[in-house]
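Participant: Provided below are the primary sequence and the corresponding predicted coordinates.
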Amino acid sequence: MTLWEHVAGARVFDLAHDYFIGMPHYPTHPPFLFGLTKQHGDSVGPTGHSSAADAIAMGSHVGTHIDALCHFSCGGKLHGDVDIVQSYGGGLGKYSIDTIAPILRRAVLLDLAADGPLAADHEVTPDELAAAQKAEIRAGDIVVLRTGWARYFGDARRFVNDTRCPGPGLAAARWLSALGIFAAGSDTVPFEKSPVPSMPVHVHLLFESGIHIIECLNLEELAAAGVTEFLFIGAPLKLRGATGAPIRPLALVG
């Protein structure tokens, strides 16, 4: 049986949000900008044909995106006690987003919002993660957490909420890292319980553990279908020296 025959019957779930003017963005990152640079009719060819074109500008941590390990440092070092090599023009010289290979990994969904979206000040605990676990988590997996906040994504003010969002605290982050996972993701803008100025979960996962973070996932359809484990497929934009990049993750379910 060919690979195509294996996957031809799989259900495909899109885990990314749309990009649009006015979409949510974390206050420390630039917003998404979009506009046509050429409209139909601006230039008409000899057969009556015309083309339109557009341009975008955005921060690399806007919308559904993945964090490179160089996104966070501590004590002047990157993960693994690596020296920081950086410049405004060239970005980061180590662990940048272009060093992440296309992602094809097993993933597990932990649905923490079966009874409705979590409250803004809710800190997810290890016990809650364990209770939500319906499938085995293995080393190298991706674990995604549903808080229910993806349903607010169309309302930027409510979704960002002055960065007051539910998410795992440090103890829950340590529970995840102890499993040896490749990445952890969620449907909120900061991933971790926020605001906490020290951002301990980002420091622990990215800097201390070498585990990527994926933010602003859309997990609603996946959860509604009762999916607990799936094949995660995605690749960040290959931005040389960048600390993060948009990603369009797909979930394949047999």
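Facilitator: That came through, no problem.

Participant: all strands for the stretch 101-250 of the chain, in order.
Facilitator: When assigned using DSSP state E, counting those that start in this stretch, the strands of the stretch 101-250 of the chain occupy the ranges 103-111, 123-124, 142-146, 167-168, 183-186, 212-215, 229-234, 244-246, 250-253.

Participant: mind checking the ones you listed for the one nearest to Ala10?
Facilitator: In terms of C-beta to C-beta, the element of the strands of the stretch 101-250 of the chain nearest to Ala10 is strand 250-253, at 4.4 Å. For every residue, glycine as well, the C-beta is placed using N, CA and C.

Participant: can you give me the buried ones in stretch 180-193?
Facilitator: Of all the residues in stretch 180-193, those buried under the rule 16 or more other C-beta atoms under 10 Å are 181-193.

Participant: stretch 243-254 now?
Facilitator: Using 16+ other C-beta under 10 Å as the test for burial, stretch 243-254 gives Thr243, Gly244, Ala245, Pro246, Ile247, Arg248, Pro249, Ala251.

Participant: same check on stretch 80-89?
Facilitator: Counting neighbours by 16+ other C-beta under 10 Å, one finds that the buried residues in stretch 80-89 are Gln86.

Participant: show me the contact partners of it.
Facilitator: Stretch 80-89 has contacts (C-beta atoms under 8 Å, 6 or more residues apart in numbering) with Cys70, Ser73, Gly76, Lys77, Leu78, Leu92, Gly93, Lys94, Tyr95, Gly210.

Participant: change it to 10 Å
Facilitator: Applying C-beta atoms under 10 Å, 6 or more residues apart in numbering, the contact partners of stretch 80-89 are 69-70, 73, 75-78, 91-96, 207-208, 210, 241, 243.

Participant: and it, how far from the chain's centre?
Facilitator: For stretch 80-89, the distance from its own C-alpha centre to the chain's C-alpha centre is 23 Å (C-alpha atoms, centre = their mean, to the nearest Å).

Participant: please apply the same query to stretch 34-45.
Facilitator: Distance of stretch 34-45 from the chain centroid (C-alpha atoms, centre = their mean) equals 33 Å.

Participant: repeat for stretch 213-230
Facilitator: Average the C-alpha atoms of stretch 213-230, do the same for its chain, and the two points are 12 Å apart (C-alpha atoms, centre = their mean).

Participant: ok, stretch 127-134 next?
Facilitator: For stretch 127-134, the separation from the chain centroid amounts to 21 Å (computed by C-alpha atoms, centre = their mean).

Participant: now swap in stretch 162-178 and tell me
Facilitator: Distance, centroid of stretch 162-178 to centroid of chain: 14 Å (C-alpha atoms, centre = their mean).

Participant: start to end distance for that stretch?
Facilitator: With C-alpha to C-alpha, to the nearest Å as the measure, the first residue of stretch 162-178 is 31 Å from its last.

Participant: ditto for stretch 74-86
Facilitator: Using C-alpha to C-alpha, the end-to-end distance of stretch 74-86 comes out at 15 Å.

Participant: quick one: the helices in the stretch 151-254 of the chain?
Facilitator: 156-160, 170-177, 200-202, 220-224 (DSSP state H, counting those that start in this stretch).

Participant: make JSON lines from those and add distance to Ser87 and mean pLDDT to it.
Facilitator: Shown next, in JSON lines, are those (distance: least, C-beta to C-beta, whole Å; pLDDT from 0 to 100):
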{"stretch": "helix 156-160", "distance to Ser87": "30", "mean pLDDT": "98"}
{"stretch": "helix 170-177", "distance to Ser87": "31", "mean pLDDT": "98"}
{"stretch": "helix 200-202", "distance to Ser87": "23", "mean pLDDT": "98"}
{"stretch": "helix 220-224", "distance to Ser87": "40", "mean pLDDT": "98"}
